[in-house]
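In: would you be able to build a 3D model of this:
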Amino acid sequence: MAVVEQERETVRAQARWVHSSARKARLVTDLIRGRSVPEARTILAFSSRAVAKDVEKVLRSAVANAETHPSLHWQGDDLVVVAAFADEGPTLKRWRARARGRVARIRKRTCHITIELAQGAPTSTASAVPAMAAPEPEPEPVEEPEAVEEPETVDEAEVEETEEVAEEPEASEETEEPEAEAETPEESPSAEADAEASTKETDR
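Out: Model prediction:
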């Protein structure tokens, strides 16, 4: 059983010999294809490309054709951009002077922009305004288990040896001090003077 598809009634507008390359125009027409007329107007109003102004003019012309058509009388806000494309137009050849008497070719591209509107729901699933990417959640720090310090077992014999080693320097210091004190009186000048005096008395 053959299924007969009913032709969808559309309204069309076209701008010919637009001074822009077809590649640049296609970058803009791809953004509005499948969207409603209000969304398409918003996208074109905030587009940074120069050809967006020409595409907006074609869109306005298509909406005006739909609203003023005697048998349709559609509302512009209820329409959807069914088709939007840009075909290559004739290329104007120009020349530019270069060094050593040479010339360089300049190609001035043109294109034909076409937009078709129809009634229905928008088919594009992309949002009208691209949402900002959500920040990626930071990975949670992994808590490492705390190391339990085990008390060191110290032998009593080692403790006694360390105490004896610590006491030995003190004993040596104590023994050195009396020797220094014993040496100092012998080397004093008063003792030498007394010895000389006694030798002189014995000589007399």
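In: okay, and the helix or strand of this structure with the least pLDDT?
Out: Ranking every helix and strand in the chain by mean pLDDT, DSSP states H and E puts helix 156-186 at the bottom, with a mean of 53.
In: helices of the chain, start to end?
Out: 22-32, 37-45, 51-68, 156-186, 189-203 (DSSP state H).
In: give the residue spans of this protein that score low on pLDDT.
Out: 1-6, 124-137, 141-142, 144-204 (pLDDT under 70).
In: what's the domain layout of this structure?
Out: 11-119, 156-203 (automatic domain parsing).
In: and the end-to-end length of the longest one?
Out: When you say that, I think you mean domain 11-119. 10 Å (C-alpha to C-alpha, to the nearest Å).
In: stretch 19-38 now?
Out: End to end - C-alpha to C-alpha - stretch 19-38 spans 26 Å.
In: now Gln75: phi and psi?
Out: Main-chain torsions, Gln75, degrees, to the nearest 10: phi -90, psi 130.
In: now it, nearest residue through space, not along the chain?
Out: Glu67 (7.2 Å; C-beta to C-beta, 6 or more residues apart in numbering). The way it works is simple: take the backbone N, C-alpha and C, and place the C-beta from them, glycine included.
In: run a quick neighbour tally on the residue nearest to Lys24 when sequence neighbours are not counted.
Out: Once flanking residues are discounted, Lys24 sits nearest to Val51: 5.3 Å by C-beta to C-beta, 6+ apart. Neighbourhood size, Val51 [other C-beta atoms under 10 Å]: 23.
In: next, work out how far apart Ala45 and Leu59 are.
Out: 11 Å (C-beta to C-beta, to the nearest Å).
In: so those two - more neighbours on which side?
Out: Using other C-beta under 10 Å as the criterion, Ala45 and Leu59 rank with Leu59 on top: 24 against 10.
In: show me what contacts that one?
Out: Ala13, Ile32, Val37, Ala40, Arg41, Leu44, Val81, Ile115 (C-beta atoms under 8 Å, 6 or more residues apart in numbering).
In: same deal with Gly89?
Out: Arg16, Trp17, Val18, Ala22, Arg109, Thr110, Cys111, His112 are the contacts of Gly89 under C-beta under 8 Å, 6+ apart.
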